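Chemist: would you be able to build a 3D model of this:
(one chain, ligands or ions: 2)
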Amino acid sequence: MLVLGLESSCDETAAALYEDGVVLADVVRGQLDLHRLYGGVVPEIASRAHLEAVDQVAAQALAEAGRGLADISGLAVTQGPGLVGALLVALSFAKGLGFAAGRPVTGVNHVKAHALSPFMARPGAPPPVPDFPLVALVVSGGHSHLYLLADHLTFSLLGRTRDDAAGEAFDKTAKLLGLGYPGGRAIEELAARGDPSVYRLPRPLWREGLDFSFSGLKTQVLTIYRRDNLADRPADDPALADLAAGFQAAVVEVLVDKLRAALKTTRAEGAVLAGGVAANGALRAAALEMTQALGRPLFVPPLAWCADNAAMIAHLGARQLAAGRNILDLAAEARPRWPVD
Ligand code: KG4
Ligand code: ZN
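Modeler: Residues are numbered from 1 along each chain as shown. Ligands and ions are numbered 1, 2, ... in the order given. Here you go, the predicted structure:
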């Protein structure tokens, strides 16, 4: 089943073609340069840029795979969660294209698509096949969710952030340290030169259930930053690297400890780590060490599929189309706050 996937929930306009476990084309057009000036995603600017790009990325994906609209069995589009004006662009486009081509359109949950992103492959490589149940930790700029997956389509929520998402905490802390936007990668690079034991930050909600809380951490970073007059130090001062390392260590330790607790309490067969923050090398290494100690496999997508993409939308969408799930009619609406369960 050949599926065209479309994504426009935040600041990437993306289209992909997917067939039987394999991603045949994967086009992502980012908008970072438009938003960087404002230190975050500006919804109006995002919608406008999606509108200019959506038909182009779709045409490019079809061309790269050497396929036409008549070849596809259906379409998959991110229906939520995300920015409503941004979501509407790919959703309206997909509905129009599906109607014109006489093909079904399925609405995909972006966070769930992240959770399944390790289970697709490039041509020539077989996709990993997991045993279920699985626990999945999805950490990105907008979400920090822990799921239990009974199968590819059956999710239940185990825990979530009570305030900031993990990626949001990285971004806000980076801003504070003058590292620009988005900040996850910059914090990781700075932290690599620092000593995480110099500034011992709290581990929020430590061993208290499976929810997360990250908003207090940036406040702690700010307190230390002011107390030690770090604003006056040169950019290469070791104290800044130590603070970044202390912050990253706190986030990684909490995330991995919750994932461990979820694995143990559910007796799941394996674990997934996905979403933009899963690109973090320290987090990947710590999660791998933890799962190896428990004798369970860890499934992590390649770096390109940690960030937002349409391949993961087409992948989950193909499974939904095969099961006849969430087939959209022309009146279907975007779901900016799609409940996670
Ligand atoms: O999944 P994603 O591309 O977009 C959302 O759906 O939110 O995730 C983007 C988030 C940003 O907050 C970014 O700072 C974070 O992922 N991120 C990282 C790293 N690379 C990206 N966080 C920590 N370490 C990284 N290497
Ligand atoms: Zn995402």
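
Chemist: all strands of the stretch 1-150 of the chain, in order?
Modeler: 2-7, 12-19, 22-30, 74-80, 105-109, 134-139, 144-151 (DSSP state E, counting those that start in this stretch).

Chemist: want to try CSV for these, with mean pLDDT as columns?
Modeler: Formatted as CSV, those follow (pLDDT from 0 to 100):
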stretch, mean pLDDT
strand 2-7, 98
strand 12-19, 98
strand 22-30, 97
strand 74-80, 98
strand 105-109, 98
strand 134-139, 98
strand 144-151, 97
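
Chemist: got the ones you listed as TSV, with mean neighbour count and distance to residue 241 columns?
Modeler: C-betas here are computed from N, CA, C, even on glycine. Below are the strands of the stretch 1-150 of the chain laid out as TSV (neighbours: other C-beta atoms under 10 Å; distance: least, C-beta to C-beta, whole Å):
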stretch	mean neighbour count	distance to residue 241
strand 2-7	28	35
strand 12-19	27	30
strand 22-30	20	28
strand 74-80	28	37
strand 105-109	27	38
strand 134-139	29	23
strand 144-151	21	25
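
Chemist: got the domain boundaries for the chain?
Modeler: Annotated domains of the chain cover 2-126+304-323, 134-296 [automatic domain parsing].

Chemist: can I get these in a markdown table with distance to ligand 2?
Modeler: Listed next are the domains of the chain as a markdown table, based on distance: least, C-beta to the ion, whole Å:
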| stretch | distance to ligand 2 |
| --- | --- |
| domain 2-126+304-323 | 4 |
| domain 134-296 | 4 |
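
Chemist: what's the most buried one of those domains?
Modeler: domain 2-126+304-323 (a mean of 21; mean count of other C-beta atoms under 10 Å).

Chemist: next one: phi and psi at residue 247?
Modeler: phi -60, psi -50 (degrees, to the nearest 10).

Chemist: who touches it in this structure?
Modeler: 173, 187, 191, 199, 201, 217, 221 (C-beta atoms under 8 Å, 6 or more residues apart in numbering).

Chemist: any idea of the pLDDT on it?
Modeler: Confidence at residue 247, expressed as pLDDT, is 98.

Chemist: residue 113 and ligand 1: what is the separation?
Modeler: 10 Å (C-beta to the nearest ligand atom, to the nearest Å).

Chemist: stretch 252-268 - what's its average pLDDT?
Modeler: So the average pLDDT for stretch 252-268 ends up being 98.

Chemist: ok, is it in contact with ligand 1 or not?
Modeler: No - using C-beta under 6 Å from any ligand atom, stretch 252-268 never reaches ligand 1; the gap is at least 9.3 Å.

Chemist: who's in contact with that stretch?
Modeler: Counting by C-beta under 8 Å, 6+ apart, residues outside stretch 252-268 touching it are 133-135, 137, 139, 144, 146, 148, 158-159, 166, 203-207, 210, 212, 271, 273, 280, 282-283, 286-287, 290-291, 294, 296.

Chemist: SS state for residue 202?
Modeler: Using DSSP: H, G, I helix; E, B strand; the rest coil, the three-state assignment for residue 202 comes out as coil.

Chemist: re the thing from before, out of the contacts of residue 247, who's nearest residue 69?
Modeler: Residue 69 has its nearest neighbour among these in residue 187, at 42.4 Å by C-beta to C-beta.

Chemist: now do the SS call for the closest one.
Modeler: Per three-state DSSP, residue 187 ends up helix.

Chemist: element containing the residue lying closest to residue 203 once chain neighbours are set aside?
Modeler: Sequence neighbours aside, residue 254 is the residue nearest to residue 203 in space, at 5.2 Å (criterion: C-beta to C-beta, 6 or more residues apart in numbering). Assigned by DSSP states H and E, residue 254 falls within helix 238-266.

Chemist: and the helix or strand just after that helix, what does it pack against?
Modeler: Proceeding N to C from helix 238-266, the next assigned helix or strand is strand 270-274, under DSSP H and E. Here strand 270-274 touches helix 110-115, strand 134-139, helix 238-266, helix 281-294, strand 298-299, going by 3 or more C-beta pairs under 8 Å, 6 or more residues apart in numbering; DSSP states H and E.

Chemist: now the element after the shortest one, going C-ward?
Modeler: Downstream of strand 298-299, the next assigned helix or strand under DSSP H and E is helix 311-323.

Chemist: got the angle for that next one vs strand 144-151?
Modeler: Here the directions of helix 311-323 and strand 144-151 differ by 30 degrees (axes from the mean of the first three to the mean of the last three C-alpha atoms, to 10 degrees).

Chemist: quick one: distance of helix 311-323 to the chain centre.
Modeler: 17 Å (C-alpha atoms, centre = their mean, to the nearest Å).

Chemist: what's it packed up against?
Modeler: Helix 311-323 packs on strand 2-7, strand 12-19, strand 22-30, strand 74-80, strand 105-109, helix 110-115, going by 3+ C-beta pairs under 8 Å, 6+ apart.
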